[in-house]
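*Asks:* Dropping a prediction and its sequence here:
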Amino acid sequence: MTLAEKITTERARKSVSQAEVAKEVGVTQATISYIESGDKIPSVALLKRLAQYFDVSMDYLTNNE
C-alpha cells in the first residue's frame with residue numbers, strides 16, 4: 001500500500017474529512033487532497049503530524065507494503 005493509500009485508509013478509519021485532517025495538522029484541505037492522490041509527498045514534519053493524528057508510526061506511513 002502506498003503512502004497515499006494509507007492516508008486515505010486512515011482518514012476513512014477515523015471517519016473524518018480531508019478538511020478536518022488538514023485543520024488538525026495545520027495544512028490546507030488541498031494539501032491533503034494532493035497527498036491522497038499521490039501528487040504531493042509531505043515533508044517529514046507533516047508526516048510526523050499525520051502519524052500522530054492517526055496514531056500510527058511514521059514507518060507504517062512511509063514503508064510500501
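*Replies:* Received it, and whenever you're ready, just let me know what you need.
*Asks:* Leu60 - nearest residue in space that isn't next to it in sequence?
*Replies:* That one is not Leu; residue 60 is Tyr. Closest residue in space to Tyr60, ignoring its immediate chain neighbours: Lys6 at 7.0 Å, by CB to CB, 6 or more residues apart in numbering. Heads up, the C-betas are built off the backbone N, CA and C, glycines and all.
*Asks:* Ser37 too?
*Replies:* Nearest-residue entry for Ser37: Ala4, 6.5 Å, with adjacent residues in sequence omitted and distances by CB to CB, 6+ apart.
*Asks:* what's the helix or strand in which the one you found is found packed up against?
*Replies:* With elements delineated by DSSP states H and E, Ala4 resides in helix 3-14, which encompasses its position. Of the remaining helices and strands, those touching helix 3-14 by 3 or more CB pairs under 8 Å, 6 or more residues apart in numbering; DSSP states H and E are helix 29-37, helix 44-54, helix 58-62.
*Asks:* Quick check, the residue nearest to Ser37 in contact with Gly38.
*Replies:* Yes - the pair formed by Ala4 and Gly38 meets the contact definition of CB atoms under 8 Å, at 4.2 Å.
*Asks:* neighbour-wise, which of these two wins?
*Replies:* Relative neighbour count places Ala4 above the other of Ala4 and Gly38, with 16 against 13, counting by other CB atoms under 10 Å.
*Asks:* List the contacts of that one.
*Replies:* Taking CB atoms under 8 Å, 6 or more residues apart in numbering as the criterion, Ala4 is in contact with Ile35, Glu36, Ser37, Gly38.
*Asks:* Which one of the residues you listed sits in the busiest neighbourhood?
*Replies:* The member of those that has the most neighbours, counting by other CB under 10 Å, is Ile35 with 23 neighbours.
*Asks:* Can you give the distance from the helix or strand of the chain with the lowest mean pLDDT to the centre of its chain?
*Replies:* The helix or strand with the lowest mean pLDDT-type score in the chain, counting by mean pLDDT, DSSP states H and E, is helix 58-62 (a mean of 93). Here helix 58-62 is found 10 Å from its chain centre; the criterion is CA atoms, centre = their mean, to the nearest Å.
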